[in-house]
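> show me the folded form of this:
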Amino acid sequence: MKITSIDAFVLAVPTPKPMALNYAQQKLVVAEISTDEGVKGLGYSLVFGGGGAEAVHAYLETRLAPVLIGEDPLFVERLWEKMFRTDMGMKKQGVAAYALSALDIGLWDIAGKAAGLPLYKLWGAVTDRIPAYGSGGWSKYSERELIAEAEKYAALGCKYYKMKIHHADPRENAKRVGAVRRALGDGVRMMVDVNQRLDVLANIRQAQVLEEFDLVWYEEPVLADDIAACAEVAHGIKIPVATGENNYTRFEFRDLVERRAARVLMPDVCRANGFSETMRIGRHAAAHQIAVAPHVVHELSLQVVGALPNGFLVEFIDWTPPDLFEEMPECRDGCFSVPERPGHGMALARGAKEKYRSA
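Below is the predicted model:
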């Protein structure tokens, strides 16, 4: 089997309210990989909020896609190394990592289809049913919108809900968390997300006023680049730290593990150089008894968590319009069943490319 062509493009997809208050749209950088045997692979990277999607597309199309043409797509790991070592002056982080991720996801889709297996079974399945946490609670939500969103996820059976804590006053953040906690009751546990906004001391102060809520985790406290500061926070607060959505390689995650900077790692398959590197990260975490809860794109992340003994949760952000994918996994009783279709199980809906394609 040989790769004959790669069609890459950007989809710009509007988001619903209240999410649209913070992010009016999402963009997907898509790669459709064709082979001489008719097997096709779909790869895509979700660029959250859309910023930089065009740069990701340009790098994918001009630098990475050409090195795959004529290659056997079933040599996924070899092709991953070939892409990773293309342009050694360009670290595979940020734009380059998003681009590589989309292609790696597409290659694994082909591998699964060729084998007739969903990826989690190809990798060695642990479970076919994954619990989810409802995620959102952005800073521009009113308290009413915040509670309504949390209750929506609880009504779907989700036993976990995560919200942002972006107010400059730690007490205001605690007040919002408390309001949601009271609305949800004892049946739902909560997490909070700082989104890299604070320094070490500010995080310690913030965490202290949140201890009463028995949070599952305290997410991304400092700049993702500063692993030493993340470790200092993790050692200085009583709430478990989760991080990793803005780290890109197993080498960064190795540093997080060695510094004991987090108890939950959150690689994003669209940022962490695809399925290949995300699975390496997950297995390394397993050797240190650290849980893995991948960031967003739950429809892809399900394959990863289903194949990891230390897989914990997938992040469920209910934003996707019904005409984007053929069949999105459904949340039932707070869990997702891993798609059983060969490959990763996702396909663009008929007409989605034409409707959402960005000029």
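
> what secondary structure does the nearest residue to residue 90 once chain neighbours are set aside sit in?
With sequence-adjacent residues excluded and distances taken as C-beta to C-beta, 6 or more residues apart in numbering, residue 90 is closest to residue 96, at 5.2 Å. Every C-beta, even on glycine, is put in place using the N, C-alpha and C of the backbone. At residue 96 the chain is in helix, as set by DSSP: H, G, I helix; E, B strand; the rest coil.

> ok, how many other residues are close to residue 96?
23 (other C-beta atoms under 10 Å).

> OK, contacts around the nearest residue to residue 45 once chain neighbours are set aside?
Using C-beta to C-beta, 6+ apart and skipping residues adjacent in sequence, the residue nearest residue 45 is residue 270, 3.8 Å away. Shown in contact with residue 270 (C-beta atoms under 8 Å, 6 or more residues apart in numbering): 44, 45, 46, 47, 98, 101, 102, 105, 296, 297, 300.

> restricted to helices, list these.
98, 101, 102, 105, 300 (DSSP state H).

> top of these by number of neighbours, please.
residue 101 (34 neighbours).

> just send the contacts of residue 270 back as a markdown table, with distance to residue 111 too.
Written out in a markdown table, the entries for the contacts of residue 270 read as follows (distance: C-beta to C-beta, whole Å):
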| residue | distance to residue 111 |
| --- | --- |
| 44 | 16 |
| 45 | 18 |
| 46 | 21 |
| 47 | 24 |
| 98 | 21 |
| 101 | 15 |
| 102 | 15 |
| 105 | 11 |
| 296 | 23 |
| 297 | 19 |
| 300 | 14 |
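
> ok, so of these, who is nearest residue 321?
residue 46 (13.7 Å; C-beta to C-beta).

> my read: that closest one touches residue 28, true?
Yes. Applying C-beta atoms under 8 Å, one finds residue 46 in contact with residue 28, separated by 5.6 Å.

> and those two? Which one has more around it.
residue 46 (27 against 24).

> A strand includes residue 230, no?
No. According to three-state DSSP, residue 230 belongs to no strand; its state is helix.

> check contacts around it.
221, 222, 224, 241, 243, 256, 259, 261, 262.

> returning to that earlier point: can I get the ones in helices among the contacts of residue 270 in JSON lines including pLDDT?
As requested, the ones in helices among the contacts of residue 270 are exported to JSON lines (pLDDT from 0 to 100):
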{"residue": "98", "pLDDT": "98"}
{"residue": "101", "pLDDT": "98"}
{"residue": "102", "pLDDT": "98"}
{"residue": "105", "pLDDT": "98"}
{"residue": "300", "pLDDT": "98"}
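
> what's the farthest-apart pair in those residues?
By the measure C-beta to C-beta, 98 and 300 form the most distant pair in the ones in helices among the contacts of residue 270, at 13.4 Å.

> where do the strands of the protein begin and end?
3-14, 25-35, 40-47, 129-135, 160-164, 189-193, 218-219, 241-243, 264-265, 291-292, 314-316, 331-332, 335-337 (DSSP state E).

> average pLDDT across the fourth one?
Averaged over strand 129-135, pLDDT sits at 98.

> starting from residue 218, give me the distance back to the closest residue to residue 230 other than its chain neighbours.
With sequence-adjacent residues excluded and distances taken as C-beta to C-beta, 6+ apart, residue 230 is closest to residue 261, at 4.3 Å. Residue 261 sits 12 Å away from residue 218, going by C-beta to C-beta, to the nearest Å.

> who has more neighbours out of the two?
residue 218 (28 against 25).

> hang on, isn't residue 120 packed against residue 311?
No. Using C-beta under 8 Å, residue 120 makes no contact with residue 311, being 9.5 Å away.

> between the two, which contacts overlap?
126, 304.

> which of the ones in helices among the contacts of residue 270 lies closest to residue 187?
So of those, ranked by how close each gets to residue 187 (C-beta to C-beta), first place is residue 300, at 28.4 Å.
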